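> Fold the following and give me the result.
(chains A and B)
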Number of protein chains: 2
Amino acid sequence: MNLNMQMKPKALGRISTKGLTQEEIQDIKFMKAAITQARKAYVLGEVPIGCVIVYEGKIIGRGYNRRNTDKTTLAHAEITAIKRAGKVIGDWRLEGCKLYVTLEPCQMCAGAIVQARIPEVIMAAENPKAGCAGSVLDILNNPGFNHQVQVKRGVLKDECAKMLKEFFVELRARNKAEKELKSSQGLDEN
Amino acid sequence: MNLNMQMKPKALGRISTKGLTQEEIQDIKFMKAAITQARKAYVLGEVPIGCVIVYEGKIIGRGYNRRNTDKTTLAHAEITAIKRAGKVIGDWRLEGCKLYVTLEPCQMCAGAIVQARIPEVIMAAENPKAGCAGSVLDILNNPGFNHQVQVKRGVLKDECAKMLKEFFVELRARNKAEKELKSSQGLDEN
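Numbering: from 1, shown residues only, chains lettered A, B, ... in the order given. This next block holds a predicted model:
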């Protein structure tokens, strides 16, 4: 592997919308926009997670994971999208908004979604190890809180899961190559 | 009530540290700093919640609730303090840090604390209706996540609970006065 080469996600295959309802076609359209965001994270060598927030049929907030790049845990895709959508709406309450995300939200992002009163989340791949839309905890739908979120699962989940898998394969290969390079340089110095 | 008057928190009474350990005295010192932050929120008419993050005995991040002022749910005290501490540490991992907060964290802030790998939280008042350090959920100590947080409870809890109670009494009186003023103006117009 050439270490100077930028990490590059594979192109999204053609997605058929034949026989789907208008709502399903809309969901695919906005999840594709979230994937476009995730691909920006991939190029940076960040775990490819992307998010868009939609209000009255228009995207009003976009975000992608930049945790290592920005050196803050607050650079998760959903947090950035919530911040931007809030500026458009002019309120901390994102009522009437739909949040599309390529991976099941973590505990922080699920918490932010509830706090921002977002009524609906559409997610792609599940995150069995850390997801908080039902996998480890269900923060989005907890009757103990003052807001519950309607969740739609699995929209373009195969595409998003595949992108994550490819990313980790590429990342491991890259890390291995870097380690070998460092090791060989260490031998040269002795 | 004079509606032009700024909301003003009462002064913190004298706190005795007689017979306390050095660690307990440190905890009181930093919780007082968190209360100073909370008082800034009070003055803005925001629910008075304050937070400081301490690293190697020094405060490296401060925050207070500005949710209505900044029109974003991301303006919670803990989120602002985490953002600032991250800039000082230069990493999204806030390892070796202690977070002091005047009220039990919500689901978003508890999630951010876990995501930022903060090892210890010292909190004052509990939040039975929305707290996520054990009240509604225990996000800080969930064995399903890859990080668990050590929690110390009740440091200056009476002082923080009293401040919150006084704030809500004052806010209700203010809201009532505003409503009466609007109502009387409405009558004048007719």
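
> what comes up buried for the helix or strand of chain A with the lowest mean pLDDT?
When each helix and strand of chain A is scored by mean pLDDT, DSSP states H and E, helix A:157-189 comes last, with a mean of 90. Within helix A:157-189, the residues that count as buried by 16 or more other C-beta atoms under 10 Å in any protein chain shown are A:157, A:159-164, A:166-167, A:170, A:174. No exception for glycine: its C-beta is placed from N, CA and C like everyone else's.

> touching chain B at all, the helix or strand containing A:Gly111?
When elements are assigned from DSSP states H and E, A:Gly111 belongs to helix A:107-115. Yes: counting by C-beta under 8 Å from any C-beta of the partner chain, chain B is contacted by helix A:107-115 at A:107-112, A:114-115.

> same check, this time on stretch A:66-78
Yes: Stretch A:66-78 is in contact with chain B by C-beta under 8 Å from any C-beta, via A:67-68, A:70-76.

> neighbouring contacts of that stretch?
Stretch A:66-78 is touched from outside by A:34, A:37-38, A:41, A:44-47, A:49-51, A:63-65, A:80, A:99, A:101-102, A:105-106, A:108-109, A:112-113, B:74, B:79, B:82-83, B:86-87, B:90-92, B:112, B:115-116, with contacts defined as C-beta atoms under 8 Å, 6 or more residues apart in numbering or on different chains.

> Are any of those residues buried, and if so which?
By 16+ other C-beta under 10 Å, the contacts of stretch A:66-78 give A:34, A:37-38, A:41, A:44, A:46-47, A:49-51, A:63-65, A:80, A:99, A:101-102, A:105-106, A:108-109, A:112-113, B:74, B:79, B:82-83, B:86, B:91-92, B:112, B:115-116 as buried.

> ok now stretch A:28-47, how far from the chain's centre?
The chain centre lies 7 Å from the centre of stretch A:28-47; the measure is C-alpha atoms, centre = their mean, to the nearest Å.

> Nearest to A:Asn142 among the residues of helix A:107-115 next to chain B?
A:Val114 (7.9 Å; C-beta to C-beta).

> which non-adjacent residue is nearest that closest one?
Here the nearest residue to A:Val114 in space, its sequence neighbours aside, is A:His147; by C-beta to C-beta, 6 or more residues apart in numbering or on different chains that works out to 5.2 Å.

> if I look at the one you found, how far off is A:Arg39?
Computed as C-beta to C-beta, to the nearest Å, the A:His147 to A:Arg39 distance reads 31 Å.

> More neighbours: which of the two?
A:Arg39 (19 against 16; other C-beta atoms under 10 Å in any protein chain shown).

> Can you give me every residue that contacts the more buried one?
A:9, A:48, A:50, A:163.

> Give me the neighbour count for A:Val151.
18.

> Which residue lies nearest the spatial centre of chain A?
Residue closest to the average C-alpha location in chain A (C-alpha atoms, centre = their mean): A:Ile49, at 2.6 Å.

> so that residue touches A:Thr80, yeah?
No: in this structure, A:Ile49 is not within contact of A:Thr80 by C-beta atoms under 8 Å, at 10.6 Å.

> Can you check which residues contact both of the two?
A:Tyr64.

> hmm, back to that, between helix B:107-115 and the helix holding A:Gly111, find me the angle.
170 degrees (axes from the mean of the first three to the mean of the last three C-alpha atoms, to 10 degrees).

> Please save the CA atoms from the following helix or strand past helix A:107-115 in PDB.
For helix A:107-115, the following helix or strand on the C-terminal side (DSSP H and E) is strand A:120-125. Extracted as PDB, the C-alpha positions of strand A:120-125 are listed here (Å, rounded to 0.1, in the frame of the first residue of the first chain):
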ATOM      1  CA  GLU A 120     -37.800  11.100  13.800                       C
ATOM      2  CA  VAL A 121     -34.500   9.300  13.100                       C
ATOM      3  CA  ILE A 122     -33.900   7.200  10.000                       C
ATOM      4  CA  MET A 123     -30.800   5.000  10.300                       C
ATOM      5  CA  ALA A 124     -28.900   2.600   8.100                       C
ATOM      6  CA  ALA A 125     -26.400   0.200   9.700                       C
END
